[in-house]
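Engineer: Sequence first, then the predicted structure, then my questions.
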Amino acid sequence: MEQLKTIGRELAMGSQGGFGQSKEFLDLVKSIGEARSKAEEDRIVLSEIDILKRKLLEPDIPKRKMKEYIIRLVYIEMLGHDASFGYIHAVKMTHDDNLLLKRTGYLAVTLFLNEDHDLIILIVNTIQKDLRSDNYLVVCAALNAICRLINEETIPAVLPQDLVSSFVSILKQVTERRLPKSYDYHQMPAPFIQIKLLKIMALLGSGDKSASEIMYMVLGDLFRKCDSSTNIGNAILYECIRSISCIIPSPKLLEAAADAISKFLKSDSHNLKYMGIDGLGRLIKISPDIAEQHQLAVIDCLEDPDDTLKRKTFELLYKMTKSSNVEVIVDRMIDYMISINDNHYKTEIASRCVELAEQFAPSNQWFIQIMNKVFEHAGDLVNIKVAHNLMRLIAEGFGEDDDDADSKLRLSAVESYLQIMSEPKLPSLFLQVISWVLGEYGTADGKYSASYISGKLCDVADAYSSDETVKGYAVSALMKIYAFEIASGRKVDVLPECQSLIEELLASHSTDLQQRAYELQALLALDARAVESILPLDASCEDIEVDKDLSFLNGYIQQAIESGAQPYISERERSGMLETTDYHSQDHHEVPSHALRFEAYERPKPSSLPTQASTELVPVPEPSYYSEAHQPISTSSVSERESSEIKLRLDGVKQKWGRPSYQSSTSASSTPPQAANGTSSHPDVGVGSSSLKPRSSYESKKPEIDPEKQRLAASLFGGSSSSRSDRKSSSGGHKPAKGTASKPPKENPIPVQPPPDLLDFGEPTATGVTATDPFKELEGLMDSSSQDGGSTDVMGVLYSDAAPVTTTTSVDSLLSELSDSSKGNPGTYQSQTSKGPNSKEALEKDALVRQMGVNPTSQNPTLFKDLLG
Amino acid sequence: MGIRFILMVNKQGQTRLAQYYEWLTLEERRALEGEIVRKCLARNDQQKCSFVEHRNYKIVYRRYASLFFMVGVDDDENELAILEFIHLLVETMDKHFGNVCELDIMFHLEKAHFMLEEMVMNGCIVETSKANILSPIQLMDKAH
């Protein structure tokens, strides 16, 4: 049975050898068919590749064989292997005269090559020759190849030179019924071909006068011959009209087109009306007065219950809008837009309305009204830029320098917005615009009181409390209103709703809203002059000048230098110094300041550093970045510039994480050179941030650590021996680590100061740090859980103010301080009962210093309110 | 280019034939068909255009007895011509099946597809002569 099957198969295979294929070919096909796995198939194909490579190298291969080889090459490529060694043979085969061979060659070439291949140039010539051949099958073969192989560059080689007249003559022949009857459709000769031809002619004739002229005759004929009683006839007419609108038409043609269009519009069929409107839209561009005669028909279409027709008519209106009819058209469009349910289309119409309004607005009043309407109904679908454009227009006026008109405009805008605001469910974008306008100009005219406007804004913020952008805008608007009030000398009376809004936002999850709320609070406390320079009236579009050199601080710097601070050393010089500082051992390589370091940092050598900072070096065993000299930082940004070292300045910064090993000498800084003007020997003293309370002096290191403190620290932290200076390790989190902190000093070859007093409660803080470091709070929190009394002081220290606070505070006072500071009243804190005064002071100072160095400048004491309970 | 899809859907919304000339996933197709059918059905009661705008293309549709023929085309296509093309399609099928009805299409789906394939390729109308369209189909029938 099996044998019979195989015999049968062999016979069948054999019978296909009729094309003259060799046995090898049959074997190949058979084995590929019978291959059971991809690996086997690959093996077969690879061996076939070898065979073919050898065979193709032979000279004088007979044509028949070559054809077979080429087919085998096709097989190989089909199965996924490269056969590029045979491409050239395929190309050669296309030259052959025998049709079958030629077609095989073309087939192989289209399968192997693509339009970008280098071998194409060899083929182009052949194709050109074949296109001119007498045998239409040869021409077809060439055409087929062209579809796959010709790219933009080679097109001119194969295209006939005179396209326009060829197409025109073809069209003529078609209309003269030269094609066989089977192509007739409803008595129209090959209508779809005609339409295609018309489309091509539209493309060819556009912009080309001479080409267009050739077409006039046949187009004219078509107009006359077309039977407008049938749909297909009308279809062809429509296509003619379309082509005419694309090419450069003669006036007679235009007339014919206009006639056809009027027939369409007058007909009862909706379809024809649709085509008429479409055609009208196209012709309007060429001769705008055509529309005049058909106005009534167009209006009818506009009112038609048919949706598609209405849309088409709106498109037409959009095209024919001029300043004279823009109001009517836009009004209609907006009405229509309101009725649309489909968002995609609504967006389109909304943007069209906006475009038209922007282009042709007859008056500013009207423009704003229209924009309001658009926002109201499609606010969230419109591009955000539109809203910003509107805001800018209101801010800058419309170009004429008429302040009066501008202010009238703004007043009307404000009034209209106040009215609209009462409506429910306004889109977010609209509310943003409203809030902005009210903020900027609500009180400008004096017509509305600040409390009224601010009340409205609070209502908005409450009503849309889930929308953070709107709230952000509302808060900024409130800020402006209060700013203007303050600037004009009136007392600001903050409404209770506003107050509660602000408080709510101070604790918001959104940092943006928080920041705004804090800024508002800060603003409320400033005087008129300051406010005016921050938020001048009607200056929303003015550029903000940034003084990059911070030249306004020059006086301050001068003062500081005179009192002994070191001048700023530029970064380059600093890196030079970096080379010379002795770090421990090993490989001191260049430390490119911005590259990633993969090697461990060197151990710092505290005392060898040229500046005082060096004394602060903490022998840190691990490669923490704390191991650099830290210097007290008065303000992060400014002081960094002042710093003479690139190292992280961490004076007064408690080491938060990692083993507690600290600076040697920082305790010194805890002592009195905390005069408010940072006179300490510290280089970076110099500049305090002008925005914060003067904190100067922090930079000073604390040269000795009070032994009492150390004892306290030791007792608290299990004898951690690391010297404490401004850097404290994160006491809370690393209790266990502290125990082991005893090693660092030993490892440090440089005599280190006594282990840092982690909780240097005794140090008063010198500067008015009101910013609170959340980490400190954390620390404090942890501390308080573990320590007895001292911990409570931590918090007090943390929140202590600029004035040297030498007393400690209890936890309670801590919280009250927190709330104090949150109200933006950084006062000096009276610490209450002292518990371990020294440590407290030290801690305070540390905290302060660290805050200066590490904190952002804004105050957010309540950030961890929930943590602190 | 040109034609994006051709659908034949009955009044109840059941698709009888679907030919897409651009790739859409199954969910997209189902959603599309549902939306379009609803739109066309809704319009059919009153005197309205045979053209519907949907998203960024147009649908040209026509109702023949219980079957809706819907063709989705690009914006720059000649709508009336497509309308006539639908009619040509129906005439061709009529010539082959004789009094074609929905059942014919259901039972001879592949033949309907073959006919359509002869007429439209890659979204372009390539053959409109009934003789040329039907001869390969007739050959296939004979070979059977």
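Structural biologist: Structure's in. What do you need?

Engineer: all contacts plus neighbour counts: C-alpha atoms, from now on.
Structural biologist: Will do.

Engineer: Leaving out chain neighbours, which residue sits closest to A:Ile261?
Structural biologist: Nearest residue to A:Ile261, sequence neighbours excluded (Cα to Cα, 6 or more residues apart in numbering or on different chains): A:Gly276, at 5.2 Å.

Engineer: Next, find the distance separating that neighbour from A:His270.
Structural biologist: Going from A:Gly276 to A:His270 by Cα to Cα, to the nearest Å gives 10 Å.

Engineer: ok, back up a step: so is the residue nearest to A:Ile261 in a helix, a strand, or just coil?
Structural biologist: Following DSSP: H, G, I helix; E, B strand; the rest coil, we place A:Gly276 in the helix state.

Engineer: Let me know how buried it is, in neighbour terms.
Structural biologist: 27 (other Cα atoms under 10 Å in any protein chain shown).

Engineer: Would you mind measuring from it to chain B?
Structural biologist: 11 Å (Cα to the nearest Cα, to the nearest Å).

Engineer: Can you give me every residue that contacts residue 94?
Structural biologist: In the absence of a named chain, chain A is used. Neighbour list for A:Thr94: A:Leu101, A:Lys102, A:Arg103, A:Thr104, A:Gly105, A:Tyr106, A:Ile123, A:Thr126 [criterion: Cα atoms under 8 Å, 6 or more residues apart in numbering or on different chains].

Engineer: looking at chain B here, not the other one
Structural biologist: Shown in contact with B:Asp94 (Cα under 8 Å, 6+ apart): B:Val100.

Engineer: quick one: secondary structure of it?
Structural biologist: Of the three states, B:Asp94 takes helix under three-state DSSP.

Engineer: got a pLDDT number for it?
Structural biologist: B:Asp94 is assigned 94 on the pLDDT scale.

Engineer: Then B:Met70?
Structural biologist: 94.

Engineer: Could you verify that it is part of a helix?
Structural biologist: No. Per three-state DSSP, B:Met70 lies outside any helix segment and is strand.

Engineer: Could you tell me how many residues sit around residue 124?
Structural biologist: Just so you know, I chose chain A. Other residues close to A:Val124 by other Cα under 10 Å number 20.

Engineer: Switch to chain B, please.
Structural biologist: By other Cα under 10 Å, 14 other residues sit near B:Cys124.

Engineer: for it, phi and psi?
Structural biologist: phi -110, psi 140 (degrees, to the nearest 10).

Engineer: ok, and the closest non-adjacent residue to it?
Structural biologist: Residue nearest to B:Cys124 in three dimensions, not counting chain neighbours: B:Gly2, with 5.9 Å by Cα to Cα, 6+ apart.

Engineer: Throw the contacts of A:Thr94 into CSV and include secondary structure, thanks.
Structural biologist: Formatted as CSV, the contacts of A:Thr94 follow (three-state DSSP):
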residue, secondary structure
A:Leu101, helix
A:Lys102, helix
A:Arg103, helix
A:Thr104, helix
A:Gly105, helix
A:Tyr106, helix
A:Ile123, helix
A:Thr126, helix
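
Engineer: what's the farthest-apart pair in those residues?
Structural biologist: Greatest spacing in the contacts of A:Thr94, by Cα to Cα: A:Leu101 and A:Ile123 (15.0 Å).

Engineer: show me where chain B has strands.
Structural biologist: Counting by DSSP state E, chain B has strands at residues B:3-10, B:15-20, B:51-54, B:57-64, B:67-73, B:120-121, B:124-125.

Engineer: Within the sheet, what are the partner strands of the third one, with directions?
Structural biologist: Strands that pair with strand B:51-54, judged by DSSP bridges, come out as strand B:57-64 (antiparallel).

Engineer: Residues contacting the partner strand, please?
Structural biologist: With contacts defined as Cα under 8 Å, 6+ apart, strand B:57-64 is touched by B:40, B:50-53, B:68-75, B:79, B:82-83, B:86.

Engineer: and it, which residues are buried?
Structural biologist: Residues of strand B:57-64 classed as buried: B:Tyr57, B:Lys58, B:Ile59, B:Val60, B:Tyr61, B:Arg62, B:Arg63 (neighbour count, 16 or more other Cα atoms under 10 Å in any protein chain shown).

Engineer: Using PDB, write out every CA atom in that strand.
Structural biologist: The C-alpha trace of strand B:57-64 is given here as PDB (Å, rounded to 0.1, in the frame of the first residue of the first chain):
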ATOM      1  CA  TYR B  57     -14.000  59.400   6.300                       C
ATOM      2  CA  LYS B  58     -17.300  59.000   4.600                       C
ATOM      3  CA  ILE B  59     -19.800  56.200   4.400                       C
ATOM      4  CA  VAL B  60     -21.800  55.800   1.200                       C
ATOM      5  CA  TYR B  61     -24.700  53.400   1.800                       C
ATOM      6  CA  ARG B  62     -27.700  52.100   0.000                       C
ATOM      7  CA  ARG B  63     -30.500  49.900   1.000                       C
ATOM      8  CA  TYR B  64     -31.600  47.000  -1.100                       C
END
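
Engineer: My read is that the residue nearest to A:Ile261 contacts A:Leu265, right?
Structural biologist: Yes. A:Gly276 lies in contact with A:Leu265 (Cα atoms under 8 Å); the separation is 5.2 Å.

Engineer: Fine by me, we can end here.
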